[in-house]
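[1] Got a predicted structure plus its sequence, pasted below:
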Amino acid sequence: MIRLLALAGLLALGACAAEPVEEEQATVSPPAPQLDEKAPEGTMPFATRGLFRATADGAPDPADCTQGETLSIDETGYAIGDASGTIASVETQSRNSIYATFDTQDGEARERFAASDEGRTVRRSTIGPEAETVRYRRCPDA
């Protein structure tokens, strides 16, 4: 009988250790504490700064944000893949968007960056004969 009770006790302890552990959900942090403020003239808007990935819907998978075509925006410009651009001149700027000329590896490029959804989404629009707009979503915090 004592052996049976000891065995039951061990099984109960084993069952406690086998409980499933919930994985943490990746969170998407807001772009900056100054989200509602206009950035200084000649700098990228606060709402557009951060790390983004082109995606159709929802936040990108964190693993997708460590490789490939991620869009990184800081106060002076952007980098995507092997390409980058630094602000050369600004045509218009608001707290959520900027329309500017950027110095790139291929010369000057006119582009617009516009944030929406409290900075979770950024649209990058190139201006010119090969104009296009790409939607990016903010990468989750690692």
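    The structure has been received and is ready for your questions. Numbering: from 1, shown residues only.
[2] mind listing the helices in this protein by residue range?
    Here the chain has its helices, by DSSP state H, at 2-17.
[3] Any idea which helix or strand in it has the lowest mean pLDDT?
    helix 2-17 (a mean of 46; mean pLDDT, DSSP states H and E).
[4] who's residue 123 bridged to?
    With DSSP bridges as the criterion, residue 123 is bridged to residue 114, residue 135.
[5] Identify the residues contacting the residue lying closest to residue 109 once chain neighbours are set aside.
    Leaving aside its sequence neighbours, residue 109 sits nearest to residue 102 (CB to CB, 6 or more residues apart in numbering; 5.2 Å). All C-beta atoms are positioned from the backbone trio N, CA, C, and that covers glycine. Residues near residue 102 by CB atoms under 8 Å, 6 or more residues apart in numbering: 77-78, 85-88, 108-111.
[6] Report the residue spans of this structure with pLDDT below the cut-off.
    The model of the chain has pLDDT under 70 over residues 1-35, 67, 142.
[7] Apply 90 and report the result again.
    The chain contains residues with pLDDT under 90 at 1-39, 54-70, 81-82, 117-120, 127-130, 139-142.
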